[in-house]
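A.B. asks: what's the 3D shape of this:
(2 chains)
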Amino acid sequence: MSASGYVELQVATHFSFLRGVSSCEELFGQAAALGLSALGIVDRNSVAGLVRAWEASKETGVRLIPGTRVDLACGTSLLLYPTDRLAWTRLCRLLTLGKGRAGKGRCELHWDDLPPWSKGLIAILLPDLPDETNAAALQRLVSIFGPQGYLGLSLRRRPDDALRIYELDAQGRDFGVRCVALGDVLYHSVERELLQDVVTAIRHRTTIDALGFKRERYADRHLKSGSEMERRFSLYPDAIAASRDIAGACAFDLGQLQYQYPQEATAGETPQLLLERLTASAAARMFPQGVPKAYRDQLAHELRLIDQLSYAPYFLTVNSIVAEARRRKILCQGRGSAANSCVCFVLGITSIDPIKHELLFERFVSGERKEPPDIDVDFEHERREEIIQWIYETYGRTRSALTAVVTRYRARGALRDVGKALGLPADMTGALSGLIWGWSVEGVSDEQARELNLDTSDPRLSMTLSLARELIGAPRHLSQHPGGFVLTSDRLDELVPIEPAAMDDRQVIEWDKDDIDAMKFMKVDILGLGMLGCMRRAFALLEEHRGVAMTMASPTLQHDDPAVYAMIQRADTLGVFQIESRAQMSMLPRIKPVKFYDLVIEVAIVRPGPIQGDMVHPYLRRREGTEKAEYPRPELRGVLEKTLGVPLFQEQAMRVAIVGAGFTPAEADQLRRAMATFKFTGGVSHFYDKLVEGMVKRGYPRDFAERTFKQIEGFGSYGFPESHAV
Amino acid sequence: MQTRAQQIESLPVHQRPAARELGRRSEAADNPFRAMSSTIKAKPVAGRVEQLFPPMVTTMAQKQRMILAAVDDAAAAAGLHPGMALTHARALVPELDVRDADPHGDRALLHRLALFAVRRWTPTAQVDEPDGLLMDISGVAHLFDGEQKLARHILRFCHRAGLYGRIAIADTVGAAHALARFGKERISICRTHEELTALGSMPIAALRLDERQRDAAQRLGIERIGELVAMPRAPLSRRLGGSLLRRLDQATGRLAEPLVPVVPFEMPDVERRFAEPIGAAETIARVLADLTRDLAKLLLSRGLGVRMLRLVCERVDSAEQEVVVGTARGTRDVAHMLRLLTMKIETIDPGFGIDSMRLIALRSEPLDPIALTADFGENAPADLASLVDQIVTRLGQAAIYRPTARQSDVPERSIGRVFPLEAADCWSTLWPRPARMLRRPERIENVLAGLPDHPPKRFRWRGVTHTIACADGPERIRGEWWRRPGESYAVRDYFRVENEHGERFWVFRRGDGEHACSGDLSWHIHGIFG
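C.D. replies: Predicted structure coming up:
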């Protein structure tokens, strides 16, 4: 690949909703193939796609230059690139200002909004024709940005294009503005131009026959290589050089964003010390007779790990939220992997005793992963709003906001929209989308369409099917996450733009859950659970009628009640949380749970993962005694004894991998993540060789190794971690 | 104290007031269209029709849901009723025949029926939306031997026309309306001053109330008209509104309710009959001039302009010769009409002689008088309509058109045709197009051009080799892939080229030179500038 200096500075991903049609991965892959050294991603009025772009850039080795395209209310468009971290904060504040003014999904900015935030930003003006409007825009550009303002030139392939570029260049020189060559990229390769026309039709809510001149009329919107751009702008070498200079000047990388935890500790005491103090006093309250050794050791171990990874502020924040809830007498309960932590148990964030149930702390926080832990807290559904408002008040609206959720096109929606744009009658698209089951990624195949007696040789129909398949996964718009909060110590809108959500009093950042994880921000999930409200009402009734005051952590609730288990064994569980579905009720008489852990297994086993992985029947057989639990090696016995030799939980799979196949904990964690994310359908199989060969080398029979792998693969996305089940 | 009816009864026959003085008797002939569209004329078949055809319903959309608008007998027997959701109906009766409701067609049919009624039965008829007719038969019933026979006559007509009808005859519109729809009999005749007893047991929906009034009355627990009549009036009017009481009064006869009759439209026509049959061309022309003048006067008096004229010449041997001309705009200009007719006069073959000539305005539209401007119309802009008419009459409709711009980048599709007098869209003048575009692009050979986007340096067309001095381009036009799959990724690169003599051409190359799927790199010429 030629090492040309050109850098493409105008690329729109599909986060320019319904304008761009290529994902960041595709764009960066194509850029790497074409030999471009860097790409500047500019989506319209948003930075929503930048984290994905950042990850794609890390994977492909093409540098990302983050920026945004701002469409001013007067019709002019500017590309804005921050040169350093402070300029990024200004850009985020500017976007927050525009979005706050205009409401959900829109942004309203004017020329006059730019001067206070313009320092450190490089602006590229996108011109139309070299006329007076353009001259006026250039005038303002120079007055605000000075030498940091550029004029963008792009070939439109329309009549008199060469003349237009010449006159624009002359006009730029009149004002002392340097010109830069741009590619105006909407998709990564030429095959996408059909889909681009279709999303334009969807955006304008017409059919494609009636689109007329609303179609994108300028040609060549695919990603072009550096040598190609140099050839096109061979008369303007300075424009090519300008792109190189801009890329060089933009030294900002998303990794430079430092996230600060909110400050809970007062001056003079570090968060770690505060956490240790709180833990100690809470443990003393919980065990008035003295903290047992097991707990003491575990607490010390956990606190050491927390100190090492500097996660103390996170626990403190969650603790303060839970403390506020307790103060207001709102029932709350931590859930998920937080149950593995003794510190959480002692502080009252969760009610599960990890020592008693032998849960693994490393599942929650591991030394190898540098991500902050993820604590989800369930609150009473009816009073969740109070907590949310308290968070806004305490942390302030500039320091707290909800994460976004990217609503993407699923198979049905894509088929409906593409069918409507291509003019298919509504009942036909309805019939086709009715063929799609669940969240299929493949869309509708030709055989299925033929089943409906539709003529698949009809070009419109086959185009609809294939284009709908391409559209699946493209974002439609951002919406608000039900409860994921991002809290910071400094201003949040200096890290990422905040926009108002459709609901009153809610604001949302532009990045979603995965982006937050990648950027290592802290997120707390404030969720509502109807059952907690139920329990509170039960406690209230108990107090009123029997005079018994209980809370969720009461000792009487910690032990198993045989009468309750008898009822469960009869499958008389309508209205009982988690075990009232028909599948559960049919499984209960077979398992006959007698203790709490049996219920844990029950909840975990009636899931698609274990059923697919053929673990249910062996377990049932062994439990009934018709089959003997066998362990090829004694070390596996320790791991699988609780579940009679059948791996049912993600942690067991992890430990089997570590113990049986010699995985390091980090690799085991990767295996777990491959299991946990169903976006990567091929992820787990890539561990196949390592696992099977590793086990065979350690002396396990090969068929056992393969069976184990099949069981682990069957977890897919539906296996449970133990703590979740608990 | 005798009632008025008893008083009249007590008089001897010759002293009783005539029927027409007793008051108006209005009649409503009800045609609830049970899923019969106006295009379907079911032949009444003696016997069981239901088993031959599946139950039929019509549907209409109501807020994104399809509901039934009307059901036929078989469907009603199966338990369907108007207002039910279509999916529910389909679930109940799988083999349902579903058609779209056509309210416009129904209204047009009712209008035609009203005109028919005016011609045959009574001078005053009105359409009673959505499914009935109102006819005023005061003074008409005796022509049919009484009201009962008249009613039966009308119903027999309906039956022949394939419509199901119910008739009620009463003194007031309201009473007749209610009886026709809610009465027990198919033919109900309500005698004078008996409206209240007849209406008493009917539901209040029979009073032609709107939704709001119906709901309000229902909330008060009023179900029957009798209950309404029994309640004191003032509080009723306060709580339910004056319009409800007005309907009641109209039904009982307290308030008058005149009908708005339909007026059949008469086509303006003038006729000349001759004592002696004529045959010479000049005579025919002279008569034509007279006829046109008379027609223009008639049109002026009625405020109409003619769009289509029909001249009928009846010959001695009873054959008819006919000439039809149309105009682009309504006109009553004598010279213009005469000119158009004279163009077609050669087609008239007088044979042994013409007995009469008749000029009919087949289609006319309202034409307001034109105000004279200060200069008496001398400097008025030329009137295209008369020119268009003459050309159309001589050469046919397809001979003249006006080009208009269509929103397409592909040059062949960017031009459309409209009728000369309609408005046309203009092309943008930013991007020049050749003055003359070839109907089909022609291939050019020996093209010397650099790939991927350089204009040709030389080409040969129709035997002449052109050397290019300067050029502009490429203008990259993408194919419209939704029209033809062959245009999926096709691209044409257009170049404006000027040869050494100064002639400019518009040439293109199929394909963008980089991707093979975009074209086969052949060159064509598509137009000539200047």
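A.B. asks: from here on, contacts and neighbour counts on C-alpha atoms
C.D. replies: OK.
A.B. asks: ok, then the element right after the top strand by length along chain B?
C.D. replies: The single longest strand within chain B, with elements called by DSSP state E, is strand B:464-478. For strand B:464-478, the succeeding helix or strand toward the C-terminus, using DSSP states H and E, is strand B:491-499.
A.B. asks: Can you name every helix or strand that that next one contacts?
C.D. replies: The contact analysis (3 or more Cα pairs under 8 Å, 6 or more residues apart in numbering or on different chains; DSSP states H and E) places strand B:491-499 against strand B:464-478, strand B:504-510.
A.B. asks: the inter-axis angle of it versus strand B:464-478?
C.D. replies: 150 degrees (axes from the mean of the first three to the mean of the last three Cα atoms, to 10 degrees).
A.B. asks: follow-up on the earlier one: tell me which strands the longest strand of chain B pairs with, and in which orientation.
C.D. replies: Paired neighbours of strand B:464-478 in the sheet (DSSP bridges): strand B:456-461 (antiparallel), strand B:491-499 (antiparallel).
A.B. asks: Let me have those in a markdown table, adding mean pLDDT as columns.
C.D. replies: Shown next, in a markdown table, are the strands paired with strand B:464-478 (pLDDT from 0 to 100):
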| stretch | mean pLDDT |
| --- | --- |
| strand B:456-461 | 92 |
| strand B:491-499 | 92 |
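A.B. asks: Point out the most buried one among the ones you listed.
C.D. replies: Highest mean neighbour count among these (mean count of other Cα atoms under 10 Å in any protein chain shown): strand B:491-499, with a mean of 24.
A.B. asks: okay, it in PDB with CA atoms only?
C.D. replies: What follows is strand B:491-499, C-alpha atoms only, in PDB (Å, rounded to 0.1, in the frame of the first residue of the first chain):
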ATOM      1  CA  VAL B 491     -22.900   4.400 -13.900                       C
ATOM      2  CA  ARG B 492     -22.700   6.700 -16.900                       C
ATOM      3  CA  ASP B 493     -19.900   9.200 -17.000                       C
ATOM      4  CA  TYR B 494     -21.100  12.200 -19.200                       C
ATOM      5  CA  PHE B 495     -18.600  14.600 -20.700                       C
ATOM      6  CA  ARG B 496     -19.200  17.800 -22.500                       C
ATOM      7  CA  VAL B 497     -16.600  18.000 -25.300                       C
ATOM      8  CA  GLU B 498     -15.800  20.600 -27.800                       C
ATOM      9  CA  ASN B 499     -14.000  19.800 -31.000                       C
END
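A.B. asks: Just the angle for it relative to strand B:504-510, thanks.
C.D. replies: With the same axes, to 10 degrees applied, the angle from strand B:491-499 to strand B:504-510 works out at 150 degrees.
A.B. asks: Would you mind listing the outside residues contacting strand B:491-499?
C.D. replies: Under the contact criterion Cα atoms under 8 Å, 6 or more residues apart in numbering or on different chains, strand B:491-499 has outside partners B:453, B:455-456, B:466-479, B:504-512, B:518-519.
A.B. asks: Please pick the buried ones from these.
C.D. replies: Buried residues within these, counting neighbours by 16 or more other Cα atoms under 10 Å in any protein chain shown: B:453, B:455-456, B:466-468, B:471-479, B:504-512, B:518-519.
A.B. asks: follow-up on the earlier one: now the helices and strands packed on strand B:491-499 as a markdown table including distance to A:S479 and mean pLDDT?
C.D. replies: What follows is the helices and strands packed on strand B:491-499, written out as a markdown table (distance: least, Cα to Cα, whole Å; pLDDT from 0 to 100):
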| stretch | distance to A:S479 | mean pLDDT |
| --- | --- | --- |
| strand B:464-478 | 36 | 90 |
| strand B:504-510 | 45 | 93 |
